[in-house]
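Visitor: structural data only, the sequence is not supplied:
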């Protein structure tokens, strides 16, 4: 089982990802900043139909998500366990600031939301894996499979009886974040991204205040 404090942090990060992703989904007219499975199937459909603007957009979203994950993972490795989470969270905040700055400058959504896709890729490197649940991710397809797998194993008595619920909580946090993000967008438009950015800022402050002690070799 994943310890409760770490699980709570992961749930909050996943909710923030859902909040931001639904805003990107609305701004992009049905494309995603963090759900690359959906973008990939849309890319295949667009390529088959010769719909090149859609193909370009979805390929760019997938590519930027990938580059964001590479950059954040490399940054976490370079910063080490003492500063890794702080550095990656800072990178995510930079992506939000750049996204909003470009939006305020009048750049169209199919351009400024690409930065948010890179930030979504980066978010997945904020928290290291702890316990059985992948924490703070921006996607839940694998999480739903793991919930089903753990439930089946629990019914056979070979897994903790309630561990599958931790996976379902991750899914529910993304759903709740998406719901709140849609409401926020209805009230404030793209400015609602400031809410998610505030969550990441809170994480950054917490990481800086409570960073792990320096390892003495």
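Guide: Right, received. Where do you want to start? Worth saying up front: this structure is predicted, and the values here are computed from it rather than measured.
Visitor: regarding this structure, what is its longest helix?
Guide: Looking across the chain with DSSP state H, the single longest helix is helix 52-104.
Visitor: the helices in this structure, which residues?
Guide: Under DSSP H, the chain gives helices at 4-27, 36-49, 52-104, 109-123, 141-155, 163-188, 193-209.
Visitor: minimum distance to residue 135: which of the ones you listed has it?
Guide: helix 4-27 (2.9 Å; Cβ to Cβ). In this view, the C-beta of every residue, glycine as well, is placed from N, C-alpha and C.
Visitor: tell me the phi and psi of residue 125?
Guide: Residue 125 adopts backbone torsions of phi -100, psi 0, taken as degrees, to the nearest 10.
Visitor: got any ranges where this structure has weak pLDDT?
Guide: Flagging of the chain using pLDDT under 70 yields the residue ranges 1-3, 129-133, 211-217.
Visitor: out of the helices of the chain, which is the most enclosed?
Guide: Most buried of these by mean neighbour count (mean count of other Cβ atoms under 10 Å) is helix 109-123; its value is a mean of 25.
Visitor: what about that one, distance to the chain center?
Guide: Relative to its chain's centre, helix 109-123 lies at 10 Å (Cα atoms, centre = their mean, to the nearest Å).
Visitor: now do that helix: which elements does it pack against?
Guide: If you count contacts as 3 or more Cβ pairs under 8 Å, 6 or more residues apart in numbering; DSSP states H and E, helix 109-123 packs onto helix 4-27, helix 52-104.
Visitor: list phi and psi for the residue positioned nearest the centre of the chain.
Guide: Centrality entry for the chain: nearest residue to the mean C-alpha point is residue 138, 2.9 Å, by Cα atoms, centre = their mean. Dihedral pair for residue 138: phi -100, psi 10, per degrees, to the nearest 10.
Visitor: over to residue 160?
Guide: phi -50, psi 140.
Visitor: so it sits against residue 154, correct?
Guide: Yes - using Cβ atoms under 8 Å, residue 160 is in contact with residue 154, at 6.7 Å.
Visitor: wait, what's in contact with the residue nearest to the centre of the chain?
Guide: Residue 138 makes contact with 14, 17, 21, 34, 35, 120, 121, 123, 124, according to Cβ atoms under 8 Å, 6 or more residues apart in numbering.
Visitor: that one and residue 45, how far apart?
Guide: Separation of residue 138 from residue 45 (Cβ to Cβ, to the nearest Å) stands at 22 Å.
Visitor: what's the answer for residue 177, then?
Guide: 27 Å.
Visitor: nearest residue to residue 59 other than its sequence neighbours?
Guide: Nearest residue to residue 59, sequence neighbours excluded (Cβ to Cβ, 6 or more residues apart in numbering): residue 43, at 5.6 Å.
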